[in-house]
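Peer 1: Sequence first, predicted model second:
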Amino acid sequence: MLGTLAKVNLQILDYGEGSDDEVICNNPNLMDKLIEKGRRLDFVCYNYALKDNQLSSCSEAYDLVITTYDNVPIKEMKTGDIIVYMDTDFYATHFAIVDKVGKCFQDTIVISKWGTLRVYKTYLEEIPKEYGKMIEVYRKRKEK
């Protein structure tokens, strides 16, 4: 079951393929966006964003999100919300944490782990192109 899908045309950047060092070497501006520059981390985006190292796939993480988080309209996005990036087949491909909501959509800053690469703090659209061009926004449900 899909939530409120923001069918926005993200201007996704193509950082190319390769190891973390190759991607940074080919895109030197990314070095400024690295978090924990000296460390490589042994987990992926959904483990980082959802703070759950037991998750083993994007689909498993998405199942967790849609059962324990509330889908919120993009206009109501807040710091700490989870962004789920989707491909054109509506499969979850990437998870990020909203770090700062901008005055407009393109100014929103997210923190996310890029696959086997490191953790980056970037604008919402500054992610590898394979993560898709659509997003959903989720907020952790309040405990009752």
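Peer 2: Thanks, I have it.
Peer 1: low-confidence ranges in this structure?
Peer 2: For the chain, the stretches flagged by pLDDT under 70 are 1-41, 144.
Peer 1: Grab the most central residue of this structure for me.
Peer 2: Centroid-nearest residue in the chain, with C-alpha atoms, centre = their mean: residue 96, separated by 2.6 Å.
Peer 1: so which helix or strand takes in it?
Peer 2: strand 92-100 (DSSP states H and E).
Peer 1: Please identify the pairing partners of whichever helix or strand comes after that strand and their relative orientation?
Peer 2: Per DSSP H and E, the first helix or strand lying C-terminal to strand 92-100 is strand 109-113. Sheet pairing for strand 109-113, assigned by DSSP bridges, gives strand 92-100 (antiparallel), strand 119-123 (antiparallel).
Peer 1: Flag every buried residue along the strand holding residue 96.
Peer 2: Neighbour counts using 16 or more other C-beta atoms under 10 Å place 92-99 of strand 92-100 among the buried residues. Backbone N, C-alpha and C define where each C-beta goes, glycine included.
Peer 1: and of those residues, the nearest to residue 68?
Peer 2: Nearest to residue 68, judged by C-beta to C-beta, of the buried residues of strand 92-100 is residue 95 at 13.4 Å.
Peer 1: can you tell me which residues contact the closest one?
Peer 2: Residues near residue 95 by C-beta atoms under 8 Å, 6 or more residues apart in numbering: 45-46, 48-50, 58, 61, 65, 82-85, 112.
Peer 1: can you do 6 Å?
Peer 2: Contact analysis of residue 95 by C-beta atoms under 6 Å, 6 or more residues apart in numbering lists 45-46, 49, 84.
Peer 1: and of these, the nearest to residue 127?
Peer 2: When the contacts of residue 95 are ranked by distance to residue 127 (C-beta to C-beta), residue 45 comes first, at 9.6 Å.
Peer 1: any idea how far that closest one lies from residue 142?
Peer 2: According to C-beta to C-beta, to the nearest Å, residue 45 and residue 142 sit 24 Å apart.
Peer 1: Of the two, which one has the most company?
Peer 2: residue 45 (26 against 6; other C-beta atoms under 10 Å).
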